[in-house]
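Chemist: Only the shape, not the letters, is given here:
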């Protein structure tokens, strides 16, 4: 890899993850022209094109992605070296940035803050990121840890680029007003609920995926009234009595109230995987692993209490 420099490989990797020179510059706290100059210098070291124009953006070619993935291994190796000689990786109190989708944040952020509130604990910096399933891996360019979710049938995370730590395998249940005609049943089927008025998520998110399966199994059209991603709003609308919805069994507990009942949906796979995503080198930091272990403990307690 004569002539290549680590920071150039890092920029190429960021370009593959973020999709534009401007986004790379914002993430690395440099100017767009500096990014362009370093990518041009890297291009001079190889004979095949690493990037191409796509509209107004600069994106990776297949060769560029191969080099970016190889560069990730180099960056990880450098992290190993720092771990052997530096206090940065070994410090338990180093700051850790964590993003979470809304329902995970509602269920996990406050318990995590309480658990890590004390001397010798990492300083956590929390953000919420409500993105479609395919967009979670790119968030590892901006955060040390990313709480992500995907349905069982959806594509696996790109484990050649991100490390995956499983947290939970959570079903989505049908949320009914307490006085609904189906509330007395132990479980419901697609035929039971397909004709009901629904509040669901936007396309690309877990509830919409499950409802598509309901329509396919019952061979009937859905009556979707509202499309709302925020589960607290979904719960409030269900409690009001005009619609039914889908809520995660465990992580929705903070937004439930006595006016709502949850019932399993039989005959359809409704489970989603809640995982922590991270760049491999970040998991070599003591403070990051302490946050991972704390989240595993909190999720285990939550699932055990409600399961």
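Modeler: Right, received. Where do you want to start? All values derive from a computational prediction rather than experimental measurement.

Chemist: tally of neighbours for residue 15?
Modeler: For residue 15, the count of nearby residues is 25 (other CB atoms under 10 Å). Bear in mind the C-beta positions are built from the backbone N, C-alpha and C, glycine included.

Chemist: and it, what does it touch?
Modeler: Residue 15 is in contact with 21, 24, 35, 39, 51, 58, 59, 60, 64, 68, counting by CB atoms under 8 Å, 6 or more residues apart in numbering.

Chemist: Can you classify it as helix, strand or coil?
Modeler: Here residue 15 takes the helix state, with states given by DSSP: H, G, I helix; E, B strand; the rest coil.

Chemist: hang on, the earlier thing: most neighbours among the contacts of residue 15, which one is it?
Modeler: Within the contacts of residue 15, most neighbours by other CB under 10 Å means residue 24, with 27 neighbours.

Chemist: surely that residue meets residue 16?
Modeler: No - contact criterion CB atoms under 8 Å: residue 24 and residue 16 do not qualify, at 9.6 Å.

Chemist: tell me the domain boundaries of the chain?
Modeler: Structural domains annotated on the chain: 6-85, 90-169+272-306, 170-271, as defined by automatic domain parsing.

Chemist: same question for the last one, mean pLDDT?
Modeler: pLDDT averaged over domain 170-271 equals 95, rounded to a whole number.

Chemist: The contacts of residue 15 in strands, which ones?
Modeler: Counted as lying in strands by DSSP state E, out of these, are 51, 58, 59, 60.

Chemist: Which two of the residues you listed have the greatest separation?
Modeler: 58 and 60 (8.5 Å; CB to CB).

Chemist: what touches both of these two?
Modeler: Taking CB under 8 Å, 6+ apart as the criterion, residue 58 and residue 60 both touch 15, 51, 52.

Chemist: In TSV, list those along with distance to residue 219 and pLDDT.
Modeler: Shown next, in TSV, are the shared contacts of residue 58 and residue 60 (distance: CB to CB, whole Å; pLDDT from 0 to 100):
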residue	distance to residue 219	pLDDT
15	45	92
51	47	93
52	44	92
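
Chemist: Next, format those residues as a markdown table and append distance to residue 3.
Modeler: As requested, the shared contacts of residue 58 and residue 60 are arranged in a markdown table below (distance: CB to CB, whole Å):
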| residue | distance to residue 3 |
| --- | --- |
| 15 | 19 |
| 51 | 17 |
| 52 | 21 |
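
Chemist: Which member of these is positioned nearest residue 175?
Modeler: Residue 175 lies nearest to residue 15 out of the shared contacts of residue 58 and residue 60, by CB to CB, at 41.5 Å.

Chemist: Can you give me the separation between that closest one and residue 64?
Modeler: To residue 64, residue 15 is 8 Å away according to CB to CB, to the nearest Å.

Chemist: Same question for residue 43.
Modeler: Distance check for residue 43 against residue 64: by CB to CB, it reads 9 Å.

Chemist: which residues are common contacts for these two?
Modeler: With CB under 8 Å, 6+ apart as the test, residue 43 and residue 64 both reach 49, 50, 51.

Chemist: show me where the stretch 1-150 of the chain has strands.
Modeler: For the stretch 1-150 of the chain, strands defined by DSSP state E, counting those that start in this stretch occupy the ranges 51-54, 57-60, 96-100, 124-128, 145-151.

Chemist: counting contacts, what elements does the second one pack onto?
Modeler: Helices and strands touching strand 57-60, as assessed by 3 or more CB pairs under 8 Å, 6 or more residues apart in numbering; DSSP states H and E, comprise helix 6-18, strand 51-54.
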